[in-house]
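Q: next comes the sequence, and after it the predicted model I'd like to discuss.
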Amino acid sequence: MQGPWIAVHITSGSYTDTPTWHAWIQEVSEEEIKVWLREQKSIIDFSFAGVKKPKDTLPLRAAANARIASAFGLTNSLTTSTPSVHRLFFRKVALHINRPDRSWKALFQIATATLTAELRRDTGWPLRIAEAARITSLSVVLYDNFDIAEPIPRDILRKITDEINDQWIVTKYSDSPPQSPRMLNLHLADCNLSHRFTNRTITDPDESGEILSIIMPQYETLWRVVLATYLLAFHIYPSPTLAARISSVPACLGSNSGEEKEALKLAKEGLRLTPSNKRIYRHTPGPLPTQIKADLELMHRHPSIWGPTALEFNPSRFDNLTPLQQEAYLPFSSRPHRCPAFSGFGDRMVTCLVVAMGRVLDTAPEKGRIHPINEQSDGPQQLPKTIDTGREGMESWLYIQSGREYKEWEERQEARRNYKLPWMKRKENSETGSRQVVMGRRRRVISGKRSDGMDSVIAAQWRIGGGSIE
Ligand code: HEM
């Protein structure tokens, strides 16, 4: 059985198809774009269904998030249909976000220490930058949320991030009911995490869903945008103004100063070009519910809204957004269920982590280079101007430090053509039995023109068998 066409990610490549909406993207009138934007926003704010009270809105969102909720055992604002559960969780998160004793310097230090240790590991391989971003983001999220006395061993962090990634992919790709992530729950229970507010330490794997309910809305939204923003800011669109923009990080974080505002534009532009939630899903009300989605990624990239440089990374565009751009920019969604991290916390977290990556990886004398490796290539590729922000694409980026030897890796250059990325090879899990990730086979893309006249892909869609991915 063939699966549906679904939008997956933005990537570089050539234009290979002419769907009608390609023409629409290129030639839409101002009035049409406003109508389209209103439609997208009506999905996000539930006005498409004529509802706004939590008792009516929550079920429409919970139904759309049901598979992920059951795959990870989540009970939080994003997965519940019950207003009291939503309210309690939201209050806890708001308290956490406004914690008076947060030290951004300490979080920055945890991020740089984690990355430095990643860089120094002698594995015979270049640094897999997606794995490093995941481990660093998870360390910071855990330290910010839990009272952690002993540093969590790297091996446990890696297992947790791998298990989350695998579980996410399997849930998205397969039609069968998601299995409980037993290994993930065991690893989380091993961390002896004690929540800052409840002071309750969770050591029972059956209660790990409570930890995941807290960390997933943070960790999963952070690591990919952090990685993408780092690649865009430091490697793909390095700007002469970057050093000055970030010079006061981490000291400026939380200060609401002019310096901080400049630094946070890095996160704002990263969240524009690579929003953590590319699409926002709702179910329609009534006896025959259907899943519908707002295309946040396209709202953030549409050339009729963002101009000819829509696909380029340029934090300075946030010096002065037009009213239409302000309306289209919704990385944290909008009322009635806007993310509680919308008013600075999310931007600060992204900036803290991105700058930590830049400081550790790109200011050392032995500064490295980033290379995408893909299944078709024999070796390192040149940096493309746009990046594949899908889970699969993110795995292909390697950080190659100058002056370092990568014996094992170099020896395998010959066999590169047959090389499968390590995370794609991980097919079986000792607890749940075999599980294979089958990636998309056919892709169609919708391209646009960058300001330098080059073709650049705006959206790509994969035809996949019996499931959907995003
Ligand atoms: C870059 C960082 C983040 C991004 C881009 C982001 C994005 C979002 C989005 C798009 C939604 C709304 C989904 C919808 O409309 O259905 C949301 C909701 C939510 N987010 Fe975030 N988020 C981020 C960080 C965080 C953090 C750090 C926390 C917790 C400390 C958090 C907690 C929540 C919660 C509790 C909700 C549900 C709000 C509600 O139902 O009223 N998020 N987030």
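A: Thanks, I have the structure now.

Q: for whichever residue of the chain sits closest to the ligand, phi and psi?
A: The ligand sits closest to residue 339 of the chain, with a gap of 2.9 Å, by CB to the nearest ligand atom. In short, each C-beta sits where N, CA and C put it, glycine included. The phi/psi pair for residue 339 (degrees, to the nearest 10) reads phi -60, psi 140.

Q: surely it and residue 330 touch.
A: No - contact criterion CB atoms under 8 Å: residue 339 and residue 330 do not qualify, at 9.8 Å.

Q: if we can go back for a sec, quick one: contacts for the residue nearest to the residue of the chain closest to the ligand when sequence neighbours are not counted?
A: The spatially closest residue to residue 339, leaving aside those adjacent along the chain, is residue 332, at 3.9 Å (CB to CB, 6 or more residues apart in numbering). Neighbouring residues of residue 332 by CB atoms under 8 Å, 6 or more residues apart in numbering: 338, 339, 341, 342, 346.

Q: just give me the neighbour total for the closest residue in space to residue 345 that isn't next to it in sequence.
A: Spatial nearest neighbour of residue 345, excluding adjacent residues (CB to CB, 6+ apart): residue 97 at 4.7 Å. Per other CB atoms under 10 Å, the neighbour tally for residue 97 reads 20.

Q: for the chain, what lies in contact range of the ligand?
A: Residues of the chain lying near the ligand by CB under 6 Å from any ligand atom: 44, 61, 77-78, 86, 90, 93, 96-97, 217-218, 221-222, 225, 271, 276-277, 280, 331-333, 337, 339-341, 345-346, 349-350.

Q: which of the contacts of residue 332 are buried? Put it as a ChimeraX command.
A: With 16 or more other CB atoms under 10 Å as the criterion, this ChimeraX line picks the buried residues out of the contacts of residue 332:
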select :339,341,342,346
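
Q: quick check: of the contacts of residue 332, which lies closest to residue 71?
A: residue 339 (21.1 Å; CB to CB).

Q: quick one, what contacts the closest one?
A: Contacts of residue 339 by CB under 8 Å, 6+ apart are 217, 332, 333, 346.

Q: in contact with residue 118, which residues?
A: Here residue 118 is in contact with 127, 131, 132, 135, 136, 154 (CB under 8 Å, 6+ apart).

Q: got it, and residue 189?
A: Contact analysis of residue 189 by CB under 8 Å, 6+ apart lists 202, 203, 204, 205, 207, 208.

Q: export stretch 105-123 as CSV, just CAs?
A: Extracted C-alpha coordinates of stretch 105-123, given in CSV (Å, rounded to 0.1, in the frame of the first residue of the first chain):
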residue,chain,number,x,y,z
LYS,A,105,26.2,31.3,32.9
ALA,A,106,25.9,27.9,34.6
LEU,A,107,23.8,26.4,31.8
PHE,A,108,26.2,27.8,29.2
GLN,A,109,29.1,26.2,31.2
ILE,A,110,27.3,22.8,31.2
ALA,A,111,26.8,23.2,27.4
THR,A,112,30.5,24.1,26.7
ALA,A,113,31.8,21.4,29.0
THR,A,114,29.6,18.7,27.4
LEU,A,115,30.7,19.8,23.9
THR,A,116,34.4,20.0,24.8
ALA,A,117,34.2,16.5,26.1
GLU,A,118,32.5,15.4,22.9
LEU,A,119,35.2,17.0,20.8
ARG,A,120,38.1,15.4,22.8
ARG,A,121,36.7,11.9,22.5
ASP,A,122,39.1,9.8,20.5
THR,A,123,36.8,7.6,18.5
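
Q: pLDDT of that stretch, averaged?
A: Stretch 105-123 shows a mean pLDDT of 93.

Q: for that stretch, buried residues please.
A: Using 16+ other CB under 10 Å as the test for burial, stretch 105-123 gives 107, 108, 110, 111, 112, 114, 115, 117, 118, 119.

Q: now that stretch: how far from the chain's centre is it?
A: In terms of CA atoms, centre = their mean, to the nearest Å, the centre of stretch 105-123 is found 20 Å from the chain centre.

Q: max-length helix in the protein?
A: Longest helix of the chain, by residue count under DSSP state H: helix 208-230.

Q: follow the chain on from that helix and name the next helix or strand.
A: As assigned by DSSP states H and E, the chain's next helix or strand after helix 208-230 is helix 242-246.

Q: if I look at residue 59, how far off is residue 276?
A: 23 Å (CB to CB, to the nearest Å).

Q: repeat that for residue 396.
A: For residue 396 relative to residue 276 (CB to CB), the value is 20 Å.

Q: repeat that for residue 325.
A: Distance from residue 325 to residue 276, by CB to CB: 19 Å.

Q: ok, back up a step: narrow the buried residues of stretch 105-123 to those in strands?
A: Under the assignment DSSP state E, the buried residues of stretch 105-123 contribute nothing to strands.

Q: in helices, which of the residues you listed appear?
A: In helices, judged by DSSP H, the following of those are found: 107, 108, 110, 111, 112, 114, 115, 117, 118, 119.

Q: and the two most separated of those residues?
A: Taking CB to CB, the two most distant members of these are 107 and 119; they sit 18.9 Å apart.

Q: if we can go back for a sec, and which of the ones in helices among the buried residues of stretch 105-123 is nearest residue 101?
A: residue 107 (12.0 Å).

Q: not counting sequence-adjacent ones, nearest residue to that closest one?
A: residue 140 (5.3 Å).

Q: for the one you found, grab the count of nearby residues.
A: By the criterion of other CB under 10 Å, residue 140 has 26 neighbours.
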